[in-house]
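okay, here's the prediction I keep looking at, along with the sequence it came from:
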Amino acid sequence: MKILGILGAHKQTGLTAQMLAAVLAGVPTPHTVETIYLEDYHFQPDQVGQRDPVLDELTAKLLESDVWVLAAPTYWGGLAGKMKDFLDCMRGRLVRFDHKGGTHPDRFKNKHYMSITSCYASTIENWVTGVTDNSFRTIDKVMSAAGLIKIKELVLPGTLLMDKIPEQKLSQAQQLGAKLITKPKRDDNTMKRYIELFCMIAVMAFLTMGIQFLFHLITPGTFWLTYITFVLIFYVLLASILHFFTVVKHRRR
């Protein structure tokens, strides 16, 4: 298995680069790793009838790799420009377009990826405000459109005055690198889980209100109306909370 690190940062040896290096260092043998520093590649978007040769080179590296580790800092609450430029220029290669302009996964479908970012914000500030969320969302949106499967994400906050990455964070990065070879399968059971959640809530609410009814805490005339409205309201609120913590709220510490 080959793991490809993609660094989109101004410094080739900066903190984000060190995090990427730590992740790749954790990949066990005989699996191989390679890192491409996007600043070394002067690519342009493909033109009609003329493909960019640098993008051809990068595309070949992406195709021969099983897992991509995309690493770029967060600036102004968004993904660093070089990585964003790379994803923009690769758009026509990552997906195929139908006659209506819709995108569909193409040759990279079912490969895997991990994302890394860093930010000046402290751990607490990033946890509360989600400074790095947009960076992760940008990567996830592109990778999802291309049909890739997400493995993990990693963030390094508090880099403003940081001159050395804490050993705990480096150790965490290496541990994640060791797990890159165990690629998860695509999870297509989201709707099934929401239906199961609704059924569990309906059953538990019925049992709870049944006990209340036996003790005359609920009158017969309002039982079903109270039951239905309770189940619907509780389900919507709980599903929203679960969606926030599992989909919207990215790793921030």
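Sure thing, it's come through. Just so it is clear, the model here is predicted, and its values are computed rather than measured.

distance check, Gly101 against Arg91.
Separation of Gly101 from Arg91 (C-beta to C-beta, to the nearest Å): 12 Å. (C-beta placed from N, C-alpha, C; glycine too.)

mind giving me the domain ranges of this structure?
Taking automatic domain parsing as the domain assignment, the ranges for the chain are 2-179, 190-248.

save those domains as CSV, and put in mean pLDDT and mean neighbour count too.
As requested, the domains of the chain are arranged in CSV below (pLDDT from 0 to 100; neighbours: other C-beta atoms under 10 Å):
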stretch, mean pLDDT, mean neighbour count
domain 2-179, 96, 17
domain 190-248, 83, 12
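
tabulate the CA atom coordinates of stretch 24-31 in CSV.
In CSV, the C-alpha atoms belonging to stretch 24-31 read as follows (Å, rounded to 0.1, in the frame of the first residue of the first chain):
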residue,chain,number,x,y,z
LEU,A,24,3.8,9.4,7.5
ALA,A,25,6.5,8.3,9.9
GLY,A,26,3.9,6.2,11.7
VAL,A,27,3.1,4.2,8.6
PRO,A,28,4.6,0.7,9.2
THR,A,29,6.7,-1.2,6.7
PRO,A,30,6.5,-2.6,4.1
HIS,A,31,4.0,0.1,3.1
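
where do the helices sit along the stretch 51-200 of the chain?
Per DSSP state H, counting those that start in this stretch, the stretch 51-200 of the chain carries helices over the ranges 53-63, 81-89, 91-94, 123-129, 133-146, 167-179, 190-214.

packing partners for the fifth one?
If you count contacts as 3 or more C-beta pairs under 8 Å, 6 or more residues apart in numbering; DSSP states H and E, helix 133-146 packs onto strand 78-79, helix 81-89, helix 91-94, strand 103-105, strand 112-118, strand 149-156.

what does that helix contact?
For helix 133-146, the external contacting residues (C-beta atoms under 8 Å, 6 or more residues apart in numbering) are 70, 72, 74, 77-80, 83-84, 87, 91, 94-95, 103, 105-106, 108-109, 113, 115, 117, 150, 153, 248-252.

output that helix as CSV, nothing but the C-alphas.
What follows is helix 133-146, C-alpha atoms only, in CSV (Å, rounded to 0.1, in the frame of the first residue of the first chain):
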residue,chain,number,x,y,z
ASP,A,133,-14.1,23.7,10.3
ASN,A,134,-14.2,25.4,7.0
SER,A,135,-10.8,24.0,6.0
PHE,A,136,-12.0,20.5,6.8
ARG,A,137,-15.3,21.1,5.0
THR,A,138,-13.6,22.3,1.9
ILE,A,139,-11.4,19.1,1.7
ASP,A,140,-14.3,16.9,2.6
LYS,A,141,-16.6,18.4,0.0
VAL,A,142,-14.0,17.8,-2.8
MET,A,143,-13.0,14.4,-1.6
SER,A,144,-16.7,13.3,-1.2
ALA,A,145,-17.5,14.5,-4.8
ALA,A,146,-14.5,12.5,-6.0
